[in-house]
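Participant: fold the stuff below for me.
(chains A, B, C and D)
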Protein chains: 2
Amino acid sequence: MKVTPQRQRIFAALHGNDRHPTADAIFDEVRADMPTISLRTVYQTLNDLAAMGEVAPIDLGTGATRFDPNLIEHHHLVCDVCGTIVDVDAIAGIEPPGDAEPTFVVTRTDVVFRGNCGACAARPSPV
Amino acid sequence: MKVTPQRQRIFAALHGNDRHPTADAIFDEVRADMPTISLRTVYQTLNDLAAMGEVAPIDLGTGATRFDPNLIEHHHLVCDVCGTIVDVDAIAGIEPPGDAEPTFVVTRTDVVFRGNCGACAARPSPV
DNA sequence: TAGTTTCTAACAACCGTTGCTGATTGCGGC
DNA sequence: GCCGCAATCAGCAACGGTTGTTAGAAACTA
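Facilitator: Okay, the predicted model is just below:
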């Protein structure tokens, strides 16, 4: 895997960002420096990084896949109003009730808390 | 909201099905009885039912929105190999760590256990 | 029966993503 | 320095899932 300027820039864009950007957001940011880069390259690089375990792709039901440079196990708060995503520490001890599907082997547990972030909860409902 | 044959059939297809079908799967099933129904009508009806709270749309990262007639709060097991989805009872007491984002108001907690279902775990890895 | 409202079907469009392809780049060997 | 190979990149087209639009059909009301 070669270290190309495109990849360096994409990698940097991810790690300077705790907003869980979409591929499109990365594309916009990188394009500010490299006007000729293509969206295709961004997708390709993000998928490569994900395959190497350098970033975690997450799908929070917001329509587009997001990429998370935080590799430590954690969960997410998602604001239904503004779409903001916030990391929270993983919670220990979550597992399926023992009487359900005892043969299922769990390899990952995704927890998403949905609701309103502080700013949106304080604000009166949007008109 | 009128009760039309199309809606009745779609509603029935959902409630006779615990596989969390996609709109497309519903479409195929209903079309067996009503060859002229359009995919558009299925989507529209499913969205209407969801808006009324009669079914719950769920996005488990499988690419398409699924519809769950089970309205009681519950979580899901998702097999990474065969895509099977199984309901499990909700787990009490899951909430974000108290020291994180204390102003966030949680309205819903989605938990997805990913891994291998019994059949897929038992089977030797697919060649 | 005419008017009004609701629903349906068909089509095209949209979004996020990926397959394909030809051009480009970097690197090792000679 | 030159050649050939392999990897990469950009651009476009295409794909799956979903929704907007619209014209026509159906049902309900007065």
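
Participant: going forward, measure contacts between C-alpha atoms and count neighbours the same way
Facilitator: Fine.

Participant: what's the burial count for the closest residue to residue A:9 other than its chain neighbours?
Facilitator: Leaving out its chain neighbours, the residue that sits closest to residue A:9 by Cα to Cα, 6 or more residues apart in numbering or on different chains is residue A:30, at 6.5 Å. Neighbour count for residue A:30, taken as other Cα atoms under 10 Å in any protein chain shown: 22.

Participant: equivalent analysis for the one 5 residues further on, please.
Facilitator: For residue A:35, the tally of surrounding residues (other Cα under 10 Å) stands at 11.

Participant: what's the answer for residue A:16, then?
Facilitator: Neighbours of residue A:16 (other Cα under 10 Å): 9.

Participant: what's the separation between it and DNA strand C?
Facilitator: Distance, residue A:16 to DNA strand C, using Cα to the nearest atom of the strand, to the nearest Å: 19 Å.

Participant: any idea how far residue A:64 is from that residue?
Facilitator: Separation of residue A:16 from residue A:64 (Cα to Cα, to the nearest Å): 20 Å.

Participant: shouldn't the residue nearest to residue A:9 be within a helix?
Facilitator: Yes - Residue A:30 forms part of a helix when assessed by DSSP: H, G, I helix; E, B strand; the rest coil.

Participant: strands along chain A, start to end?
Facilitator: Remark: strands assigned in chain A by DSSP state E are A:56-58, A:66-68, A:74-79, A:85-89, A:105-116.

Participant: pLDDT score assigned to residue A:125?
Facilitator: pLDDT, residue A:125: 60.

Participant: same check, this time on residue A:101
Facilitator: Value for residue A:101, per-residue pLDDT: 84.

Participant: and if you look at residue A:38?
Facilitator: 95.

Participant: redo the strands of chain A as CSV? Include mean neighbour count.
Facilitator: Converted to CSV, those look like this (neighbours: other Cα atoms under 10 Å in any protein chain shown):
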stretch, mean neighbour count
strand A:56-58, 18
strand A:66-68, 22
strand A:74-79, 21
strand A:85-89, 18
strand A:105-116, 19
